[in-house]
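1. pasting a predicted model and its sequence here:
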Amino acid sequence: MKEIDCFGLSCPIPVVNTKKALKDNPDTLSVLVDNVAAKENVSRFGRAMSYNVSVTEIEGGWKIELKK
Amino acid sequence: MSKEKRNLIIAGVLIGAVSVALVALGNPKNMGFCIACFIRDIAGATKLHSAAVVQYVRPEIIGLVLGAWIISMATGEFKSRGGSSPMLRFIIGAFVMIGALVFLGCPFRMILRLAGGDLNALVALFGFIAGIACGCFFLSRGFSLGRYYKQNSLEGHALPAVNILLLVLLIAVPSVFAFSEKGPGSMHAAILISLAAGLIVGILAQKTRLCMVGGIRDIILVKDYTLIFGFIFIFVAALIGNLITGNFKLGFEGQPVAQTAHLWNFLGMFIVGLGSSMLGGCPLRQLILAGEGNSDSAVAVLGMFTGAAVAHNFKLVGNATENGPNTYGKVAVIAIIIILLAIAAVRTFKEEK
C-alpha cells in the first residue's frame, strides 16, 4: 500500500498531498497525520472521493487508510 | 447532513448572535468581533502605537485564546508544536494585519459588515476570494511553509500565559495601559461580557475548526463545502440580529468605521486572503491554533500585533475621513502583494523535495 507521511504538516497541505497521491486512482492509500484537523479533513476528502476510510491510532498520530 | 456541517451551522448562528449582542452592549457598530481591529487596539493600549482613538485591551482576544486553550487541554488536543518557518510567518502575519487595516477589518468583521448592509465589504469579499484563489494556485502546486515539530510543553503554553497576564493587569492595574477616550477604542462592552464572548467563540471555533479563509479555500482546492457553512451562518445570524436591533443599513456611504475606496478595500482584503492562505488560516484561526499550543501561529499573532503598530505608526491604514489610505499606504499595499507573491513562488517552486 502506498503511504504518504503528513506528520508535521498543517492543513490544507495534508489534503493537497492526498489529492495528488489519488491522482492515478490507486485502490489503496494510507496517510499518516499528527493533528486532529488533518485527520478530519483527509478522512472527509477520502470519503468525498468514494473511498472507504478507516482510521487507526499510531505512535504520535493516526494512520488513515483509504480503500476502494 | 454531516455532523461537521451541523456543528458549523450551530456554531455560526451562536457566533453571529454573540457578535450582534456585543454591539448592543457597547462595541462599535459592525464590530462585535474584529480580530485585526482588536489586536490593533491591544497594540495601542500597550503603547506600541499612539493612535489615540484605537487603544483598549480587548478581552475578546484574550477569551478566544484562552477558550481554545482550555477546551483543547480538556479534550487532549493541546499539543506544543512549532518550527515551521516562524520568521516568514511573523512577516506574513504583519502583512495580513496591514492589509486588514487598509480595509478596516479582518475577514470576521468583513462578514459582520456585510450583515450590517455595508456594501464596501462586498467589494472586499471579492478581493478576499481573489487572494485565496491566488493562494490556492500556489498550494495546489506544492506551496508549504514546511513541517512543524514537537516542542517542549512550555512553548505551547507561552502565548496563553501572556494573555492571562494581560487579563490580570487589565483588571488589577488598568492604569498601566493607554485607553481611548473617544473613537472606536472607547466603545466596548463590559470586561467580563467581552471575556465571556471571547471564551464562547474560542471554544466553538476550536471544536468546529471554523475558518473564514478555510471555507472558501476548501471549495476552490477540493470542492469541499463543509467549512463555508460557518461563514454563511455567522452572516445569516448577524443579518437577522442587525435587522432586529435596527443596525442594518444598506449602502456604500456613511457606514460605521468604513471607507468607500473600492480599489483599496479590494486590495487590502486580497492581501488578507493570500497571506492567510499561506499561513493556513484566517486571523481568528491563528488565535485558536495558538491556544492549542501551535507556536507557529503564536508567532503569526505576534506578527499581526507588530503589523498593527507599523500600520498606525507609519500611517498605512485605511482612513474613513479621508476615504482611503494615503500614498504611503498605497505603496505599502502594492509592495506587500509583490513580496507575498515572491515568498509564495520561492516556497512553491524552489523548495527542496
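-> Here it is on my side, so go on.

2. burial count for the residue in chain A that chain B sits nearest to?
-> Residue of chain A nearest chain B, by Cβ to the nearest Cβ: residue A:8 (3.2 Å). C-beta coordinates here come from the backbone N, C-alpha and C atoms, glycine included. Residue A:8 has 20 neighbours, counted by other Cβ atoms under 10 Å in any protein chain shown.

3. quick one: what helix or strand has the nearest residue to it once chain neighbours are set aside in it?
-> Among residues not flanking residue A:8 along the chain, residue B:147 sits closest, at 3.2 Å (Cβ to Cβ, 6 or more residues apart in numbering or on different chains). Using DSSP states H and E, residue B:147 falls within no helix or strand.

4. which parts of chain B sit against chain A?
-> Along chain B, the residues adjacent to chain A under the rule Cβ under 8 Å from any Cβ of the partner chain are B:2, B:4, B:77, B:79, B:81, B:84, B:139-140, B:142, B:144, B:147-150, B:209, B:214, B:217-218, B:221-224, B:226, B:280-281, B:294, B:296.

5. re the thing from before, the residue of chain A closest to chain B: what's it in contact with?
-> For residue A:8, the contacting residues are A:34, B:81, B:84, B:147, B:148, B:149, by Cβ atoms under 8 Å, 6 or more residues apart in numbering or on different chains.

6. quick one: which two of these are the most distant?
-> Checked with Cβ to Cβ, the contacts of residue A:8 reach their widest spread between A:34 and B:84, with 12.7 Å between them.

7. one step back: and the contacts of residue A:8, which of them are buried?
-> The neighbour-count test (16 or more other Cβ atoms under 10 Å in any protein chain shown) marks A:34, B:81, B:84, B:147, B:148 as buried among the contacts of residue A:8.

8. ok, back up a step: would you turn the contacts of residue A:8 into a markdown table with pLDDT and distance to residue A:60?
-> Shown next, in a markdown table, are the contacts of residue A:8 (pLDDT from 0 to 100; distance: Cβ to Cβ, whole Å):
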| residue | pLDDT | distance to residue A:60 |
| --- | --- | --- |
| A:34 | 94 | 6 |
| B:81 | 97 | 11 |
| B:84 | 96 | 16 |
| B:147 | 96 | 13 |
| B:148 | 96 | 13 |
| B:149 | 96 | 11 |
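
9. between those, which sits nearest residue B:128?
-> residue B:84 (23.9 Å).

10. how distant is stretch B:216-224 from the center of its chain?
-> On the basis of Cα atoms, centre = their mean, to the nearest Å, stretch B:216-224 sits 20 Å off its chain's mean C-alpha point.

11. what residue is smack in the middle of chain B?
-> residue B:283 (3.1 Å; Cα atoms, centre = their mean).

12. same question but for chain A, I mixed them up
-> residue A:31 (3.6 Å).

13. contact partners for that one?
-> Residue A:31 touches A:3, A:4, A:6, A:14, A:17, A:18, A:21, A:42, A:63, A:64, A:66, counting by Cβ under 8 Å, 6+ apart.

14. just the buried residues of those residues.
-> A:4, A:6, A:14, A:17, A:18, A:21, A:42, A:63, A:64, A:66.

15. dump the helix or strand where the fifth one lies to CSV, keeping only the CA atoms.
-> Here residue A:18 sits within helix A:13-21, counting by DSSP H and E. What follows is the C-alpha trace of helix A:13-21 in CSV, where atoms were taken according to Å, rounded to 0.1, in the frame of the first residue of the first chain:
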residue,chain,number,x,y,z
ILE,A,13,-1.2,20.6,2.9
PRO,A,14,-2.2,17.0,4.0
VAL,A,15,-5.3,17.2,1.9
VAL,A,16,-3.4,18.6,-1.1
ASN,A,17,-0.9,15.8,-0.8
THR,A,18,-3.6,13.2,-0.5
LYS,A,19,-5.3,14.7,-3.6
LYS,A,20,-2.0,14.4,-5.5
ALA,A,21,-1.5,10.8,-4.4
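
16. that older thread, and the buried ones among the contacts of residue A:8, which is closest to residue B:44?
-> residue B:84 (29.8 Å).

17. please name the residues that touch the residue in chain B positioned nearest to chain A.
-> Going by Cβ to the nearest Cβ, chain A is nearest to residue B:147 of chain B, at 3.2 Å. Going by Cβ under 8 Å, 6+ apart, residue B:147 touches A:7, A:8, A:9, B:83, B:84.

18. residue 4: which element?
-> In the absence of a named chain, chain A is used. Using DSSP H and E, residue A:4 falls in strand A:3-5.

19. um, chain B though
-> helix B:3-24.

20. helices of chain A, residue ranges please.
-> For chain A, the helices defined by DSSP state H occupy A:13-21, A:36-48.

21. for the nearest residue to residue B:106 once chain neighbours are set aside, phi and psi?
-> Among residues not flanking residue B:106 along the chain, residue B:36 sits closest, at 3.8 Å (Cβ to Cβ, 6+ apart). Here is the backbone geometry of residue B:36 (degrees, to the nearest 10): phi -60, psi -50.

22. pull the number of nearby residues for residue B:36.
-> So residue B:36, with other Cβ under 10 Å, has 29 neighbours.
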